[in-house]
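1. Have a look at this prediction, sequence included:
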Amino acid sequence: MRELALVTHSTSPRGGMVHTLALAEALQAAGQPVHVVSQGDPAAGLFRPTTVPFTVLPAPPSGGSLTDKVFASIDRLTTALGDLTDRFDVLHTQDCIAARAAARVRDAGADVAVVRTVHHVDDFTTPALVDCQRAAIREPDRVLVVSEQWRRILRDEYGREATVVPNGVDPDRFPPVSPERVAELRASIGAQDRFLFLGVGGVEPRKGTHVAFEALGRLTATMPHPPMLAIVGGHSFRDYAAYRDETLARLPDLGLELGRDVVLLGTLSEADLGAWYRSADALCFPSLSEGWGLAVLEAMAADLPVVAGDLPVFREYLLHHHNALMPHSGDSVALARAMQEMYADRALRRRLRTGGRETLARYTWAASARRHLAVYDDVRAGVGHPAG
């Protein structure tokens, strides 16, 4: 058996790359030879150590429009994959760029099958990128999704059947940290005596950051000791600078001060990310669109109670008042009420932590790997998507 390649367009520690690396490790543990291929800085490697063999290909130079960057990445990855494919029989791609590149390599005559996991579909407006994304869903030999919601979307909007293979979570990824470390982190942002919500994913439209700011502003106006919000992440292939600048510029009008009520922590090391998960009081995750929302499971694994929007994908594994609070997505008034309830009710937070631990048991990477292996066996045997 030749190796399986898990292919991504970026080493950035966002959901897709976190998924890729954790899946690769679970596949390796199950006996599947696997190799991770990505684009980034070869000298820097991946965002955390791993026992899985990997190749980091040089990313194309930065600059130019989003369309320019996407097609430059596809071209660069196509060339590099073409030089590697004699080692692999399956290219399992994790994004639009990787899927287009892998399909080009296959169509040029390489003896490989292309599998694509659609984590979510981007809201591109440029015709070239809309067409590119549609082709990245149409061209692979087999398409996977991580939720029933996205299976329905691909069927109804793209005419493509997909197999659901849910995400997993490593419950030991973020081990407990010492009380001294917690105190140090909280003191570094002035959160010694303030309730601290953690946001994950940077300041982005899809993450509903403006909704979180509006909700926090409401609490700041009405509570004598309001909570604060620290946001981790922010590195993205897409340029959200305009949204970020506009959203942050609104903070004073909302009665909020950057650095006091809202703190931007940026992209963190693996150890520091885990420490912040363990040091906050609750996760605030008011996304407007998600493929799965891996940060929710990560928070649960760190015993952090969760506030998340009532997106259909979240309703597949979250239950209001059992393992999360789920205000109406996009509604800052509802989010403010949920944040205040989380803040005020210690017993609720204990109950949500218990519900979160119960949820984790259903989503292991070992189980996800077994389901992936069945798909790879089908693909290698030339079996298409099951009918229905």
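-> Nice, I can see it.

2. Sticking with residue 343, tell me its helix or strand.
-> If you go by DSSP states H and E, residue 343 is part of helix 332-344.

3. I'd like the distance from the very next helix or strand once past that helix to the chain centre, please.
-> Reading on from helix 332-344 to the C-terminus, the next helix or strand found by DSSP H and E is helix 346-360. Per Cα atoms, centre = their mean, to the nearest Å, the displacement of helix 346-360 from the mean C-alpha position of its chain is 22 Å.

4. repeat for stretch 14-32
-> Distance of stretch 14-32 from its chain centroid, counting by Cα atoms, centre = their mean, is 14 Å.

5. State the mean pLDDT of it.
-> Stretch 14-32 shows a mean pLDDT of 93.

6. I'd like the numbering to begin with 47 instead of 1 from here.
-> In the new numbering, first residue 47, that becomes stretch 60-78.

7. neighbouring contacts of that stretch?
-> Residues from elsewhere that reach stretch 60-78 (Cβ atoms under 8 Å, 6 or more residues apart in numbering): 50, 52, 54, 56-57, 80, 82, 84, 92-94, 96-98, 140-141, 163, 165, 192, 213-214, 216, 247, 279, 281-282, 337-338, 340-341, 411-412, 414-416, 418-419, 422. C-betas here are computed from N, CA, C, even on glycine.

8. Report how many residues lie close to the nearest residue to residue 193 once chain neighbours are set aside.
-> Beyond its immediate neighbours in the sequence, the residue positioned closest to residue 193 (Cβ to Cβ, 6 or more residues apart in numbering) is residue 359, lying 4.6 Å away. Neighbour count of residue 359, defined by other Cβ atoms under 10 Å: 24.

9. Now do the contacts for residue 359.
-> Going by Cβ under 8 Å, 6+ apart, residue 359 touches 193, 195-196, 336-339.

10. Ok, residue 422 next?
-> By Cβ under 8 Å, 6+ apart, the residues touching residue 422 are 50, 78, 136, 138, 161.

11. got the phi/psi numbers for the third one?
-> Backbone dihedrals for residue 136, given as degrees, to the nearest 10, come out at phi -130, psi 130.

12. how far away is it from residue 425?
-> Remark: distance between residue 136 and residue 425 (Cβ to Cβ, to the nearest Å) = 6 Å.

13. cool, the second one as well?
-> The spacing between residue 78 and residue 425, counted by Cβ to Cβ, is 13 Å.

14. What of residue 377?
-> 42 Å.

15. remind me which residues of the protein are low pLDDT?
-> Along the chain, the model assigns pLDDT under 70 to residues 47, 281-284, 429-434.

16. All the helices of it, residue numbers only.
-> Remark: helices assigned in the chain by DSSP state H are 61-75, 112-130, 142-153, 173-184, 194-204, 225-234, 255-268, 287-295, 316-325, 340-347, 358-361, 378-390, 392-406, 411-426.

17. Using CSV, lay out those helices together with distance to residue 88.
-> What follows is the helices of the chain, written out as CSV (distance: least, Cβ to Cβ, whole Å):
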stretch, distance to residue 88
helix 61-75, 16
helix 112-130, 11
helix 142-153, 17
helix 173-184, 25
helix 194-204, 32
helix 225-234, 32
helix 255-268, 32
helix 287-295, 27
helix 316-325, 19
helix 340-347, 26
helix 358-361, 35
helix 378-390, 42
helix 392-406, 35
helix 411-426, 26
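
18. what's the closest of those to residue 104?
-> Among those, helix 112-130 comes nearest to residue 104, with 7.6 Å by Cβ to Cβ.
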